[in-house]
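S.K.: Sequence and predicted structure, then a few things I'm wondering about:
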Amino acid sequence: MSTALLEIEDLTLSFAGVRALDGVSFTVGEGDLFAVIGPNGAGKSTLFNCISGIYRPESGSIKFAGRELLGSAPHRIAQAGIARTFQNVDVFPAMTVRECLLLARHRHLRSGPLAAMIRWGRSAREERAALRHVTEVAERLGLGHLLGRPVGPLPHGVQKRVELARSLCMEPRLLLLDEPVAGMNHEETAEMAATLREVNSDLGVTMLLVEHDMSMVMGISNRVCVLDFGRRIALDSPANIVRDEAVINAYLGGAL
Ligand SMILES: Nc1ncnc2c1ncn2[C@@H]1O[C@H](COP(=O)(O)OP(=O)(O)OP(=O)(O)O)[C@@H](O)[C@H]1O
Ligand SMILES: [Mg+2]
């Protein structure tokens with residue numbers, strides 16, 4: 001049993017009377033590739049928004065490496081080591097891949113242009129280190145040859161990889177991935193799955209994955225939590241989840 005990295009306990013949040021999350025609890029161990037699945041509107045993105053500090057749950061607790069996150073601002077949570085990608089691609093189209101990655105890294109290090117001018121010597125060194133780091137991340141994700149290209153015209157599947165690269169430039173301990181293969185074709189999906197597995201095992205990044213592509217989820221995750229109408233209806237290994245009657249009735253019957 002690995003040590004707990006993220007402990008979610010009894011999380012509840014409603015929107016205008018709709019319980020988006022209803023007493024959800026689970027623990028993600030260090031090194032896990034942990035999937036959260038469930039039908040549309042089950043509360044998966046809401047859960048991510050609670051963890052990253054965008055929504056404030058009405059009750060419950062979210063502990064990261066033993067520290068309570070509830071009430072912390074999103075940038076503090078990011079600095080604590082939690083990065084995320086969004087369900088819809090969210091990149092600046094005019095920026096090059098390199099600029100996009102450098103921006104993520106700078107935001108993380110919090111040395112803005114003014115700080116850079118004041119501490120020029122140190123910044124120049126930081127700049128070189130940042131450039132080395134983003135180049136390394138881009139190469140690992142097969143984006144090395146695209147570093148000078150603007151993001152906007154790149155195919156959707158490639159933009160999703162840029163988003164992943166951007167979150168990795170923050171050197172997270174935990175990565176929240178909201179539908180990383182949505183809109184991808186079969187080949188892109190297989191490549192992304194292999195990349196995620198590699199980032200998990202080689203870089204040791206713990207992952208929380210929301211995804212509707214069931215063969216992808218069952219192929220790469222080691223634990224699966226199933227939400228339905230904001231409630232946890234199952235938590236088990238992928239092999240047991242696909243046989244779980246409640247899960248088949250609520251979701252898999254239609255998704256498989
Ligand atoms: N900001 C909001 N304001 C009002 N209702 C919201 C808000 N965010 C989420 N909801 C509602 O909360 C419920 C859960 O939504 P959520 O986006 O978390 O679902 P999801 O599991 O991510 O679904 P999908 O698979 O379609 O992405 C839904 O009923 C949704 O309409
Ligand atoms: Mg969602």
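M.R.: On my side now, so go ahead. Numbering: from 1, shown residues only. Ligands and ions are numbered 1, 2, ... in the order given.

S.K.: State the next helix or strand along the chain beyond the lowest-mean-pLDDT helix or strand in the chain.
M.R.: When each helix and strand of the chain is scored by mean pLDDT, DSSP states H and E, helix 113-118 comes last, with a mean of 54. The first helix or strand that comes after helix 113-118 along the chain, using DSSP states H and E, is helix 120-140.

S.K.: how far is that following helix from where the chain is centred?
M.R.: 23 Å (Cα atoms, centre = their mean, to the nearest Å).

S.K.: could you give the mean pLDDT of the helix or strand just after it?
M.R.: For helix 120-140, the following helix or strand on the C-terminal side (DSSP H and E) is helix 156-168. What helix 156-168 shows for mean pLDDT is 92.

S.K.: in helix 156-168, what's buried?
M.R.: Within helix 156-168, the residues scored as buried using 16 or more other Cβ atoms under 10 Å are Gly157, Val158, Gln159, Lys160, Arg161, Val162, Glu163, Leu164, Ala165, Arg166, Ser167, Leu168. Quick note: C-beta positions are derived from backbone N, CA and C, even for glycine.

S.K.: Would you mind giving the residues you listed as a markdown table with distance to Arg19 added?
M.R.: Converted to a markdown table, the buried residues of helix 156-168 look like this (distance: Cβ to Cβ, whole Å):
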| residue | distance to Arg19 |
| --- | --- |
| Gly157 | 35 |
| Val158 | 38 |
| Gln159 | 34 |
| Lys160 | 31 |
| Arg161 | 35 |
| Val162 | 35 |
| Glu163 | 30 |
| Leu164 | 31 |
| Ala165 | 36 |
| Arg166 | 33 |
| Ser167 | 29 |
| Leu168 | 34 |
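
S.K.: Closest to Ala80 out of the residues you listed?
M.R.: Using Cβ to Cβ, Ser167 is the member of these that sits closest to Ala80, with 14.2 Å.

S.K.: Return the distance of the closest one relative to Thr135.
M.R.: Ser167 is 16 Å from Thr135, where distance means Cβ to Cβ, to the nearest Å.

S.K.: Which residue is the nearest non-sequential neighbour of Asp22?
M.R.: Excluding the flanking residues, the one nearest Asp22 by Cβ to Cβ, 6 or more residues apart in numbering is Gly230, at 3.9 Å.

S.K.: Return the list of helices and strands in contact with the helix or strand containing Asp10.
M.R.: Per DSSP H and E, Asp10 falls inside strand 4-15. Strand 4-15 sits against strand 18-29, helix 44-51, strand 59-64, strand 206-210, with contacts defined as 3 or more Cβ pairs under 8 Å, 6 or more residues apart in numbering; DSSP states H and E.

S.K.: These: which one's closest to ligand 2?
M.R.: The closest of those to ligand 2 is helix 44-51. By Cβ to the ion, the value is 3.1 Å.
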